[in-house]
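Novice: coordinates for the following, if possible.
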Amino acid sequence: MKDQFYQYIQKLQDQITAKLEEVDGLARFREDIWSRPEGGGGRSRIIENGAVFEKGGVNISAVHGELPIAMQQYFKVGDVNFFACGLSLVLHPKNPLAPTVHANWRYFEMYDKENNVVDSWFGGGQDLTPYYLFDEDAIHFHQVCKNVCDQFDAEFYPKYKKQCDTYFRNTHRDEARGVGGLFFDYCKPTENRTLSDWYNFVTAVGNSFLEAYVPIVERRKNMPFNAEQRTWQEIRRGRYVEFNLVHDKGTLFGLKTNGRIESILMSLPPHVQWVYDHHPEPGSEEERLLSVLQTPIDWV
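Specialist: Purely as a prediction, here's the structure:
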């Protein structure tokens, strides 16, 4: 399974980066091949200072070795070895009317000292973080998510949508990072679903990413904006940074397993502000966004 999924994310990285270069029209992804001393490595692709994307990354990795003690405690396991591979992407458009997007699809295995697989699972999802809320964008993103989920189980979308709303939340501010999407983890074989069934689901979600995001950024990338809107975007980007550094499990896993720092932190935007005790004007579009982030909405 691990070889099959790694081959899949290699092809998916090619498909996504090619399409995003087409959308941007100016910048090209810079490829960075890296290795991890303990085992494995990855292929990072970074885009910067484009016509559309101010910064973004579409990275794949496959790492293995002894599970560090800190992660043994996190997973509540003993002295085991592990393998983890996945694709992780974050895109920060220049235009504040175009939303940031994040997606991740991953596979994990644990082994005993005789190299027998003792546990394995899939995880991932995709979520949208607008700075100005266009309802049609949120509806489109969630409709694509629901469509792909419904191909497998009618209970998937409401379940994974709720998990996304719960997970991507700055609990210290009591607000969501964005308008959500899907989040699933520990998708393991059961009596009703094999590991291959989960593979089919996760890859179907991965294949839906461009359909979910590209029409949105195409609609917004050339819209006029002013300095005040740009300032608001940078303030909200600060909340994005807070989540990724305080709460995100992927960041924690990468740092605890001696992952490549540049690739782990590629999710951080280049221009950010933290304005002391900032509050938007009552009745403004900025205030409307905050009200939605405090209470999740059923978009479809």
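Novice: buried residues in the helix or strand bottoming out on mean pLDDT in the chain?
Specialist: For the chain, using mean pLDDT, DSSP states H and E, the weakest element among its helices and strands is helix 69-75, scoring a mean of 79. Neighbour counts using 16 or more other Cβ atoms under 10 Å place M71, Q72 of helix 69-75 among the buried residues. For glycine as for every other residue, the C-beta is placed from the backbone atoms N, C-alpha and C.
Novice: by contact count, what packs against it?
Specialist: Secondary-structure packing of helix 69-75 (3 or more Cβ pairs under 8 Å, 6 or more residues apart in numbering; DSSP states H and E): helix 249-256.
Novice: and the helix it packs on, average pLDDT?
Specialist: Mean per-residue pLDDT for helix 249-256: 82.
Novice: would you mark the buried spots in that helix?
Specialist: G250, T251, L252, F253, G254.
Novice: again with stretch 134-149
Specialist: By neighbour count on 16+ other Cβ under 10 Å, the buried set for stretch 134-149 is F134, D137, A138, H140, F141, H142, V144, C145, K146, V148, C149.
Novice: CA atoms only: put the least confident helix or strand of the chain into CSV for me.
Specialist: Output of helix 69-75 as CSV, limited to C-alpha atoms (Å, rounded to 0.1, in the frame of the first residue of the first chain):
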residue,chain,number,x,y,z
ILE,A,69,10.0,9.1,22.1
ALA,A,70,7.9,12.2,21.9
MET,A,71,5.7,10.7,19.2
GLN,A,72,5.6,7.4,21.0
GLN,A,73,4.0,9.2,23.8
TYR,A,74,1.7,11.1,21.5
PHE,A,75,0.5,7.9,19.8
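Novice: after that helix, which helix or strand is next?
Specialist: strand 81-93 (DSSP states H and E).
Novice: show me what the lengthiest helix in the chain is packed against.
Specialist: What stands out as the longest helix in the chain, according to DSSP state H, is helix 195-220. The contact analysis (3+ Cβ pairs under 8 Å, 6+ apart) places helix 195-220 against helix 2-24, strand 81-93, strand 100-111, strand 117-129, helix 135-150, strand 180-187.
Novice: please repeat the previous calculation with a cut-off of 10 Å.
Specialist: Judged by 3 or more Cβ pairs under 10 Å, 6 or more residues apart in numbering; DSSP states H and E, the packing partners of helix 195-220 are helix 2-24, strand 81-93, strand 100-111, strand 117-129, helix 135-150, helix 156-167, strand 180-187.
Novice: between that helix and strand 180-187, how many degrees?
Specialist: Helix 195-220 runs at 160 degrees relative to strand 180-187, counting by axes from the mean of the first three to the mean of the last three Cα atoms, to 10 degrees.
Novice: quick check: next helix or strand after helix 195-220?
Specialist: Using DSSP H and E, the helix or strand that follows helix 195-220 in sequence is helix 227-246.
Novice: show the backbone phi and psi for the residue nearest to Q72 when sequence neighbours are not counted.
Specialist: Spatially, and ignoring its direct neighbours in sequence, Q72 is nearest to G78 (6.6 Å; Cβ to Cβ, 6 or more residues apart in numbering). In terms of degrees, to the nearest 10, the main-chain angles of G78 are phi -90, psi -150.
Novice: okay but G78 is in contact with D112, surely?
Specialist: Yes: at 8.9 Å, G78 and D112 qualify as touching, with contact defined as Cβ atoms under 10 Å.
Novice: including mean pLDDT and distance to S196, could the helices and strands packed on helix 195-220 go into JSON lines?
Specialist: Output for these, formatted as JSON lines (pLDDT from 0 to 100; distance: least, Cβ to Cβ, whole Å):
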{"stretch": "helix 2-24", "mean pLDDT": "98", "distance to S196": "9"}
{"stretch": "strand 81-93", "mean pLDDT": "96", "distance to S196": "17"}
{"stretch": "strand 100-111", "mean pLDDT": "96", "distance to S196": "12"}
{"stretch": "strand 117-129", "mean pLDDT": "95", "distance to S196": "11"}
{"stretch": "helix 135-150", "mean pLDDT": "98", "distance to S196": "17"}
{"stretch": "helix 156-167", "mean pLDDT": "98", "distance to S196": "17"}
{"stretch": "strand 180-187", "mean pLDDT": "97", "distance to S196": "12"}
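Novice: using TSV, lay out these together with distance to G39.
Specialist: What follows is the helices and strands packed on helix 195-220, written out as TSV (distance: least, Cβ to Cβ, whole Å):
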stretch	distance to G39
helix 2-24	13
strand 81-93	9
strand 100-111	12
strand 117-129	16
helix 135-150	33
helix 156-167	28
strand 180-187	23
